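>>> Build me a model from this:
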Amino acid sequence: MVSSTGDWIFRFALPVLVLQLTGSAVSTALTYAVEFIPFVVIGLFSGVVADRSDRRKLMIACDVVSALLVTGVGFLCLTDPPAWLVIVAAFLLGCVRPFSFPAFQALITERVAPERRASMNAWVQSADGTLALLGPVAGVAVVTLLGPTVASFANATSFTLASLLICATSVTRAGPRLLTSLGAACRSLVPDSLAALRLIKTDRSMLWATALLTLSNFTFPAAAANLVYIVAGPDGDVPASLAFVSAALGLGAVLGAVTAPALLRRFSPGALMAGAMAVKALALAVPAIRPGVGSLTACWFVVGVTTSVFIVPWRTYRQAAVDNDFLGRVVGLQRAIPFAAIPVSSLVGSWLVVEFGPAALFGVIAVVQFFVWLGTRFSPLGRADSTDATRGQPPAVPRARPAAEKHPMNSH
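A predicted model of the protein is given here:
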């Protein structure tokens with residue numbers, strides 16, 4: 001929560017800075033897009049690092065490096081930099097994040113009992129949603145009143161505090177994941193990544209989820225990448241309405257996360273995920289039919305609700321289906337592959353906005369989201385069922401583990 005508070009301020013700082021420097025929708029969307037490129041490249045093996053290392057120490061290292069990088073961005077802002085240098089800084093910061101996320105997701109299964117994981121996933125999603133609700137207000141206020149420089153230093157402070165809080169957590173033995181040398185870690189990257197791919201192919205629900213999440217990233221992310229341009233226009237003057245539109249996403253995410261555990265007790269994960277995808281398609285069509293800040297706010301709110309209703313059962317299902325020794329690399333791959341779509345969708349979205357207007361953008365992504373719902377509803381993902389795992393019973397799906405790697409160190 002501490003780290004993400006600064007991130008929300010910083011999330012507005014770089015796009016606004018680039019928009020003010022260039023007045024270009026493409027450059028602004030590119031700033032958003034380059035942060036996801038490292039997830040595609042580094043994410044292919046960052047999960048291996050999370051599985052083979054002390055996850056707690058890895059998360060601390062990520063926050064420390066991020067704090068140093070963002071501090072550098074703050075000093076960069078003082079020099080009136082060229083836009084390309086700001087984009088490079090965003091790229092470097094994005095290179096750290098792919099290591100932190102799989103480590104954190106795997107740490108949950110390492111320290112939280114199976115019967116409590118649905119609630120823990122809801123807590124995590126609620127925290128993200130709360131910050132998504134409050135963060136845009138703080139972000140727009142700081143960037144508008146104090147500028148991107150102060151926003152950068154605020155984010156650096158948040159990373160520093162987050163690393164100190166993780167240092168304060170208890171130390172648990174990492175067991176066989178610990179490696180004795182950098183060479184051993186490098187030698188494990190290819191076989192461990194291939195093991196994760198085989199594991200995903202073993203469970204057809206996870207295979208379909210990977211494909212559908214990739215397609216889904218051609219929808220809402222295309223609009224989110226261009227939100228600053230849609231609301232502020234080419235001159236980069238940020239109105240207060242930008243904060244309200246973005247905050248609606250957070251409010252929806254909180255409500256969705258709060259209700260998701262109760263819904264999981266009544267419906268299967270597959271049914272919840274399919275329903276969420278259907279409602280999201282309807283929400284994305286609203287700004288296409290009736291453009292304006294009001295429709296954007298309603299759309300962002302419903303997308304927040306449906307995202308949480310999808311994420312909580314999906315993560316709970318995956319935690320039940322995948323052995324903890326392999327979870328980091330599976331999470332890394334299932335983040336890297338879908339994220340490959342975001343840079344493309346961001347740039348295509350900026351082209352649609354400039355050439356045809358926001359209504360055309362939302363019309364296109366609503367159609368794509370409709371096909372995402374069809375795929376979810378009629379694929380094995382829509383029939384996924386691990387509700388007995390959320391009640392503390394053995395998971396309905398066998399804990400997938402490649403036969404060639406019955407012990408985590410066999411790949412060496």
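
>>> quick one: buried residues of the helix or strand hosting Ala320?
Taking DSSP states H and E as the criterion, Ala320 maps to helix 293-321. In terms of neighbour count (16 or more other Cβ atoms under 10 Å), helix 293-321 has its buried residues at 295-321. Placement of C-beta: from N, CA and C, glycine included.

>>> Could I get the average pLDDT for that helix?
Mean per-residue pLDDT for helix 293-321: 89.

>>> May I have the helix or strand containing Phe45 exported as PDB, CA atoms only?
Element membership of Phe45, judged by DSSP H and E, is helix 43-52. What follows is helix 43-52, C-alpha atoms only, in PDB (Å, rounded to 0.1, in the frame of the first residue of the first chain):
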ATOM      1  CA  GLY A  43       8.900 -11.700 -17.100                       C
ATOM      2  CA  LEU A  44       9.800 -14.800 -19.100                       C
ATOM      3  CA  PHE A  45      12.400 -15.600 -16.400                       C
ATOM      4  CA  SER A  46      11.700 -13.300 -13.500                       C
ATOM      5  CA  GLY A  47       9.400 -16.000 -12.000                       C
ATOM      6  CA  VAL A  48      12.300 -18.400 -12.000                       C
ATOM      7  CA  VAL A  49      14.300 -16.000  -9.900                       C
ATOM      8  CA  ALA A  50      11.300 -15.600  -7.500                       C
ATOM      9  CA  ASP A  51      11.200 -19.400  -7.200                       C
ATOM     10  CA  ARG A  52      14.900 -19.900  -6.700                       C
END
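
>>> Check the offset of it from the chain's centre.
Chain-centre distance of helix 43-52: 16 Å, with Cα atoms, centre = their mean, to the nearest Å.

>>> Can you list the helices and strands that that helix packs against?
Using 3 or more Cβ pairs under 8 Å, 6 or more residues apart in numbering; DSSP states H and E, the elements in contact with helix 43-52 are helix 97-111, helix 182-202, helix 324-339.

>>> need those helices in JSON lines with mean pLDDT, mean neighbour count and distance to Ile365, can you?
As requested, these are exported to JSON lines (pLDDT from 0 to 100; neighbours: other Cβ atoms under 10 Å; distance: least, Cβ to Cβ, whole Å):
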{"stretch": "helix 97-111", "mean pLDDT": "84", "mean neighbour count": "22", "distance to Ile365": "24"}
{"stretch": "helix 182-202", "mean pLDDT": "73", "mean neighbour count": "17", "distance to Ile365": "26"}
{"stretch": "helix 324-339", "mean pLDDT": "82", "mean neighbour count": "25", "distance to Ile365": "15"}
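
>>> right, and the ones you listed - which one's nearest Asn217?
Of all the helices and strands packed on helix 43-52, the one in closest proximity to Asn217, counting by Cβ to Cβ, is helix 324-339 (5.1 Å).

>>> Enumerate every residue touching the spatially most central residue of the chain.
Nearest to the mean C-alpha position of the chain, by Cα atoms, centre = their mean, lies Arg335 at 7.8 Å. With contact taken as Cβ atoms under 8 Å, 6 or more residues apart in numbering, Arg335 is in contact with Phe39, Gly43, Pro98, Phe101, Pro102.

>>> Phe36 reaches Ser345, doesn't it?
No - using Cβ atoms under 8 Å, Phe36 makes no contact with Ser345, being 9.7 Å away.

>>> before we move on, the earlier item: buried residues of the next helix or strand after the helix holding Phe45, list them for me.
Note on helix 43-52: by DSSP H and E, the next helix or strand toward the C-terminus is helix 55-77. Using 16+ other Cβ under 10 Å as the test for burial, helix 55-77 gives 55-56, 58-67, 69-71, 73-74, 76-77.
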